[in-house]
Every structure is written in C-alpha cells, then in structure tokens.
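**Student:** build me a model from this:
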Amino acid sequence: MANKKILLGMLAIALVFGMTVVGCDDSTDDKNPYVGEWEGTFKKSDDTEVEAKITFTETAWTLTGDSISQTGTYTRGTLQTTLSMEINSLSFPVATCSILLGNLTVNFNGGDLKDGSGSFTRVKENTPANDPFTGTWSGTLKKSGQSDVTVSITFTDASNYSLTIGTTAPPVTGTYEKSNLGLTATLTTMNDAGTFTIGNCLSDPINKNLKLTISGITNYSGYSGALTRPAQ
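**Tutor:** Numbers count the residues shown, from 1 in each chain. Below is the predicted model:
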C-alpha cells in the first residue's frame, strides 16, 4: 500500500512538472520591433538639434541627418539594444537604444556622435494596409424616398480624394482632413464661391467598411451608405 502511495506521488509530481514545462514554453512570434524607418530629432553633444532618420534592417542600422551619416550593426538585448560600428576593421559598441510606448530612444556613448541622443517615431507607409482611408472604396448610397445611387471614392494620399457619383456625373475632387483619432474624414472641395464641405467619412475597422454621408452636393445631400474596398 505504501509503495502504491509513493508511486502515485511520483506520478503526480511528474504530471505537475510536465504541465509546468508546457506552460512555460515560449512559442510567441519574435518579430523584430526595430525593423523599418524612424524619424525624429537628434541632439548633438553641443546641444544642437537636427531632424534625423534612423533605419533598421534585421541586422543593420543607418542614421542620417544634417551632417550626420552613421551605419553599423546591432544586437538586441532584453531591455535595450546595442548599436555597433566598424572602426579599423573591428566592431565597437557606440550606442544603446530602446522602444517604449512606440517611441525609439537612442543614446550614443562612443564614436563621432558620443554624448548625442535622439527620439524617434516610426514612419508609417501610407498604404491601405495601415491607413483607414487610402485606396478606392465603392458601394451604394441610400436616401429615404429616393432611388439608390452607386458611388466610388478614391483617397490617393494623405489629403486628396476623388468622388464619383453614378455613371455620368463628373467626379468631385478636393481635400480631406482627419479627426477623431484619424477615423473620421471631412471632405471639402472648392468652386468660385470658395471652399465648402460636401460630406464626411467614418472608418469602421471592425466591419472593414467606410460610411460615407453626403451633405453638400446638389441632388445628393442626405445620401449615406457603407462602402468597401478590395482586400489587400
């Protein structure tokens, strides 16, 4: 009986140990958070501040700015990353950097930029993959008591759009301004009387659509509807 208790105890310990090992298995995706372009301000050792950009690949970094051009390799650590440069065919650490709340901080402790430091934010590409508006959206707008109309709106960059209503009317072009954490866009256009608002768009990232409401185009004021764009 005692031997059975001992055996059961050993099995329980083995089971707990096995569960512990499985629970501690770190199989998370180790995506490199540094890769990409970062823009910001670099403060030189003489307190002169210049606009600068630092770019990371999987293994190398490049810092450029006014009278600044540095490049090298880097090693990621648990709390911070070490930037190195090759001097006389030998690699020497010259700076450390870290990312906190989306901001990249770089501090040089060696090389030509010793005692300099910089603060950077990531440069986001203006593509449909990460911009709630860029691209072409199409769909149907509705208004109570009126016939439905088909529309297509293209946001070509961070400030311009082209709106086509129906199949025969010429497109309305103009600019737009984001608000509400970048999820709302107010559409404006210009004529001989000046600049005026023609409508607004509301991005719905959950349902992956864009709600367009027309407010300042003759014959179409009050029309609204959800538009979609091709999957990227």
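**Student:** thought Leu113 was touching Leu83?
**Tutor:** No - assessed by C-beta atoms under 8 Å, Leu113 is found out of contact with Leu83, at 10.1 Å. Just so you know, the C-beta spots here come from the backbone N, C-alpha and C atoms, and that holds for glycine as well.
**Student:** distance check, Ser147 against Gly222.
**Tutor:** 13 Å (C-beta to C-beta, to the nearest Å).
**Student:** neighbour count for these two, which is higher?
**Tutor:** Gly222 (14 against 6; other C-beta atoms under 10 Å).
**Student:** so the more buried one makes contact with Gly216?
**Tutor:** No - contact criterion C-beta under 8 Å: Gly222 and Gly216 do not qualify, at 10.6 Å.
**Student:** any idea of the mean pLDDT in stretch 118-126?
**Tutor:** Averaging pLDDT along stretch 118-126 gives 78.
**Student:** now do the helices in this structure.
**Tutor:** 2-23 (DSSP state H).
**Student:** can you list the domains in this protein?
**Tutor:** What automatic domain parsing lists as the domains of the chain is 36-122, 135-228.
**Student:** centre of the chain versus the shortest one, how much separation?
**Tutor:** Using C-alpha atoms, centre = their mean, to the nearest Å, the mean C-alpha position of domain 36-122 is found 21 Å from that of the whole chain.
**Student:** first vs last residue of it, how far apart are they?
**Tutor:** 7 Å (C-alpha to C-alpha, to the nearest Å).
**Student:** helices and strands of this protein: which one has the lowest mean pLDDT?
**Tutor:** helix 2-23 (a mean of 47; mean pLDDT, DSSP states H and E).
**Student:** dig out what Arg76 forms beta bridges with.
**Tutor:** Thr81 (DSSP bridges).
**Student:** could you shift the numbering so residue one becomes 804, and keep it that way?
**Tutor:** Okay, using 804 as the starting number, the last item reads as Arg879.
**Student:** tally of neighbours for it?
**Tutor:** 12.
**Student:** that one and Asn835: what is the separation?
**Tutor:** For Arg879 relative to Asn835 (C-beta to C-beta), the value is 7 Å.
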